[in-house]
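Asker: Sharing a model that was predicted from the sequence below.
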Amino acid sequence: MSGTSRKLARRRSRTRGTLVVIAILLVSSAVIRLGSGAGSAFALAPDAKQISPSDTASASQSQGCEPDPDLKQILQAFDARESRIEQAEAALRDRMQALTIADREVSSKLAELTDAEARLRDTIAIAESAADTDIDRLTQVYEAMKPKQAAALFEQMDPNFAAGFLGRMRPEAAAGIMASLAPDVAHMFSVVIAGRNAGAPKE
């Protein structure tokens with residue numbers, strides 16, 4: 001290599017080194033500027049982290065973000081309808097609860113009435129049985145009496161009452177009493193007894 005070529009190579013090497021140094025200085029300057037700008041921005045907004053959504057909403061409202069009047073009216077109508085539905089549901093729940101309580105009370109009363117009716121039927125049955133027993137015993141007493149003595153008592157009785165006793169007696173005992181009665185009284189008793197059996201089925 002000649003001397004001239006060596007000189008050119010040295011100049012190029014020096015030029016490249018100078019360009020590299022200049023580029024490094026420019027990059028460093030840019031980084032320093034960016035850092036100082038960011039610091040200034042942070043210094044100007046120290047409370048940026050304390051901004052809350054409520055502040056944002058307040059700012060939006062202050063900027064006049066009001067809903068459309070028609071939309072606002074529709075939303076109010078929906079709110080009113082929902083309130084009415086909730087009131088109706090509450091009233092329905094109260095009514096259902098009242099009906100449930102009333103149903104329980106009615107069921108309890110029906111059970112009490114059914115029990116009372118059963119006791120009443122038993123009492124009536126006992127009373128009827130006792131009455132039948134008493135009548136049967138009294139009938140036996142009249143049958144054991146002499147016909148004339150019994151006839152004297154039967155003449156003082158109501159015809160229907162006396163006819164009832166005669167209908168319970170044995171035929172021979174009833175015949176003896178009827179024979180001892182006055183003819184008109186015996187006829188009256190016979191009419192009553194015949195009238196009782198007139199409505200009886202023939203077959």
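Answerer: Good, I have the coordinates.

Asker: Give the other helices and strands that the lengthiest helix in the chain contacts.
Answerer: Identified as the longest helix of the chain according to DSSP state H is helix 69-144. Counting contacts by 3 or more CB pairs under 8 Å, 6 or more residues apart in numbering; DSSP states H and E, helix 69-144 is packed against helix 147-154, helix 159-168, helix 171-180. Heads up, the C-betas are built off the backbone N, CA and C, glycines and all.

Asker: Between helix 159-168 and the first one, find me the angle.
Answerer: Going back to what we said before, that points to helix 147-154. Here helix 147-154 points in a direction 150 degrees away from that of helix 159-168 (axes from the mean of the first three to the mean of the last three CA atoms, to 10 degrees).

Asker: list the buried ones in helix 147-154?
Answerer: P147, A150, A151, F154 (16 or more other CB atoms under 10 Å).

Asker: Outside of it itself, which residues are in contact with it?
Answerer: By CB atoms under 8 Å, 6 or more residues apart in numbering, the surrounding residues in contact with helix 147-154 are 142-143, 145, 162, 165-166, 173, 176-181, 185, 189.

Asker: now do the second one
Answerer: Residues external to helix 159-168 that are found in contact with it (CB under 8 Å, 6+ apart): 135-136, 138-139, 142, 154, 157, 174, 177-178, 188-189, 192-193, 196.

Asker: Report the buried residues of that helix.
Answerer: Buried positions in helix 159-168, judged by neighbour count with 16+ other CB under 10 Å: A162, A163, G164, F165, L166, R168.

Asker: Any chance of TSV for those residues, columns pLDDT and distance to R121?
Answerer: Listed next are the buried residues of helix 159-168 as TSV, based on pLDDT from 0 to 100; distance: CB to CB, whole Å:
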residue	pLDDT	distance to R121
A162	89	31
A163	88	29
G164	88	24
F165	90	28
L166	91	31
R168	90	25
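
Asker: could I get the residues you listed as TSV with distance to M96?
Answerer: Listed next are these as TSV, based on distance: CB to CB, whole Å:
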residue	distance to M96
A162	65
A163	63
G164	59
F165	63
L166	66
R168	61
